[in-house]
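K.L.:
Build the 3D model from these lines:
(one chain, ligands or ions: 2)
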Amino acid sequence: MAEYNLAIIGGDGVGPEVIAEGRKTLEALSSSGGPTFRFTEFPWGSDYYRETGRLMPEDGLELLSGFDAILFGAVGDPNIPDHITLHGLLLPMRRGFDQGICVRPAYLYPGVESPLAGKKAGDIDMVIFRENTEGEYAPVGGRLNTGTPHETVIQSNVFTRRGTERIIRAAFEHCIRRNKRMKVTSVTKSNAQSFGMVFWDEVFEDVAADYPQVETESLLVDRACMDFVRWPEDFDVVVASNLFADILSDIAAVVSGSMGLAPSANINPDKVHPSLFEPVHGAAFDIMGKGIANPLATVSAVAMMLDHFGEAEAAARVDAAVARCLEERRVLTADLGGNASTAQMGDEAARLVREG
Ligand code: NAI
Ligand code: MG
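P.N.:
Ligands and ions are numbered 1, 2, ... in the order given. Sure, this is the predicted structure:
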């Protein structure tokens, strides 16, 4: 059986709480005939920042570079500005390890109620492909004459042909592998953003020409937000820039029942660097420390990691455990109408993994 060497960064808020449950899932796999894992924990995040002035050490990427993958919780602290925490820990890993492909599935499971009326299990079944290293999140810009009436701020968006084509092509390839609705929707705002987003639309058309069997659609982001709410069943694979796909994946997660169910993979497609797996949600200040965060987003992220390793059977076992846990509705956290703790739901998922 293969052994995988995992870097574990629980981070902040509910991050460490849900990551502990992701580890239980992996241990359950190992103890029932699956692959084995070596865990190395890194105590990085906001407490580390308070002690050292940095969210992660200067040589943090070097320390992580030899691992097979990174399992990440969340970053964010009520007392530290969000741009410092996010740019201090998560974004450097995504960019430094060239994790240009972010994959975020959203699925309405049997047993889970959507806040949208009349949606039944499987009606929402989409995968969002998020450009993950550039776009609106590139740290390019500046601020001058701060605090004066002449204060001037520039925040630039960066779109490269390599990065744009790479994410769009990955979306089409996934659409074909997935073989469901065979449709890719690209989301931009090219009516207003006449350089980067017009460029994106052009690259989308170019790449689409290579996949004549796939239906395509190009939406403006405001329209896409509407359609995610009024007819989410219309979407199969969605591809968008760093910012737009970030916003759209939160909408997709809540209409599918909970932020606590949405996983995310940050993939380095060249496999030169480790990829990073995490829940879509953040530090969740309103529930942190209460032990009530839903751990299944992290458990599903673990399944995505196993899939990335080529461990299809183990991944399927974890996915099936998540689906059964939700359908049986015996052990559920508060976001899904239950009163179980994070640890109880993690135990249940691990038990179902072992039962396989
Ligand atoms: P959030 O995703 O942390 O929380 C949004 C809402 O979803 C809250 O009501 C929260 O209670 C709920 N929620 C989140 N995870 C849940 C779970 N596992 N189970 C049940 N409910 C859950 O987003 P918010 O409030 O905008 O951000 C809080 C902090 O997290 C900020 O500092 C932000 O910068 C950071 N953040 C970090 C991310 C990351 O590390 N990948 C992603 C998003 C936000
Ligand atoms: Mg987000």
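K.L.:
In the stretch 151-300 of the chain, what residue comes closest to ligand 1?
P.N.:
For the stretch 151-300 of the chain, the nearest residue to ligand 1 under the criterion Cβ to the nearest ligand atom is residue 282, separated by 2.2 Å. In short, each C-beta sits where N, CA and C put it, glycine included.
K.L.:
burial count for that residue?
P.N.:
If you count neighbours by other Cβ atoms under 10 Å, residue 282 ends up with 23.
K.L.:
you'd agree it is up against residue 74?
P.N.:
Yes - shown here, residue 282 and residue 74 form a contact pair, counting by Cβ atoms under 8 Å, at 4.9 Å.
K.L.:
so what's in contact with those two at the same time?
P.N.:
Residues touching both residue 282 and residue 74 (Cβ atoms under 8 Å, 6 or more residues apart in numbering): residue 13.
K.L.:
Shouldn't residue 163 be within a helix?
P.N.:
Yes - secondary structure of residue 163 (DSSP: H, G, I helix; E, B strand; the rest coil): part of a helix.
K.L.:
Which residue, other than its chain neighbours, is closest to it?
P.N.:
Nearest residue to residue 163 in three dimensions, chain neighbours excluded: residue 134, at 4.8 Å (Cβ to Cβ, 6 or more residues apart in numbering).
K.L.:
residues in contact with that neighbour?
P.N.:
Here residue 134 is in contact with 100, 158-160, 163, 242 (Cβ under 8 Å, 6+ apart).
K.L.:
May I see those residues arranged in TSV, with secondary structure as well?
P.N.:
TSV is the format used below for the contacts of residue 134 (three-state DSSP):
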residue	secondary structure
100	coil
158	strand
159	coil
160	coil
163	helix
242	helix
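K.L.:
tell me the secondary structure for residue 129?
P.N.:
strand.
K.L.:
Check which helices and strands the helix or strand hosting residue 91 is in contact with.
P.N.:
Assessed by DSSP states H and E, residue 91 sits inside helix 91-96. Where contact means 3 or more Cβ pairs under 8 Å, 6 or more residues apart in numbering; DSSP states H and E, helix 91-96 is packed against helix 60-64.
K.L.:
Three-state assignment for the residue of the stretch 151-300 of the chain closest to ligand 1, please.
P.N.:
coil.
K.L.:
Got phi/psi on it?
P.N.:
Here is the backbone geometry of residue 282 (degrees, to the nearest 10): phi -100, psi -150.
K.L.:
where along the stretch 51-200 of the chain do the helices fall?
P.N.:
60-64, 82-85, 91-96, 161-178, 196-208 (DSSP state H, counting those that start in this stretch).
K.L.:
Packing partners of the longest one?
P.N.:
Translated: helix 161-178. Partner elements for helix 161-178 (3+ Cβ pairs under 8 Å, 6+ apart): strand 101-107, strand 125-131, strand 183-188, helix 196-208, strand 237-240.
K.L.:
Tell me which of the ones you listed is the most buried.
P.N.:
The highest mean neighbour count among these, using mean count of other Cβ atoms under 10 Å, belongs to strand 237-240: a mean of 27.
K.L.:
can you list the residues of the stretch 151-300 of the chain near ligand 1?
P.N.:
Within reach of ligand 1 by Cβ under 6 Å from any ligand atom, the stretch 151-300 of the chain has these residues: 258-260, 278, 281-287, 293-294, 297.
K.L.:
one step back: nearest to residue 311 among the helices of the stretch 51-200 of the chain would be which one?
P.N.:
Closest to residue 311 of the helices of the stretch 51-200 of the chain is helix 161-178 (Cβ to Cβ; 16.6 Å).
K.L.:
For ligand 1, what's its nearest residue on the stretch 51-200 of the chain.
P.N.:
Closest point on the stretch 51-200 of the chain to ligand 1, by Cβ to the nearest ligand atom, is residue 76, at 2.3 Å.
K.L.:
tell me the contacts of that residue?
P.N.:
Counting by Cβ under 8 Å, 6+ apart, residue 76 touches 12-13, 46, 82, 85-86, 282-283, 285.
K.L.:
same check, this time on residue 351
P.N.:
Residue 351 touches residue 28, counting by Cβ under 8 Å, 6+ apart.
K.L.:
and the gap between residue 39 and residue 330?
P.N.:
28 Å (Cβ to Cβ, to the nearest Å).
K.L.:
Also residue 213?
P.N.:
Distance from residue 213 to residue 330, by Cβ to Cβ: 42 Å.
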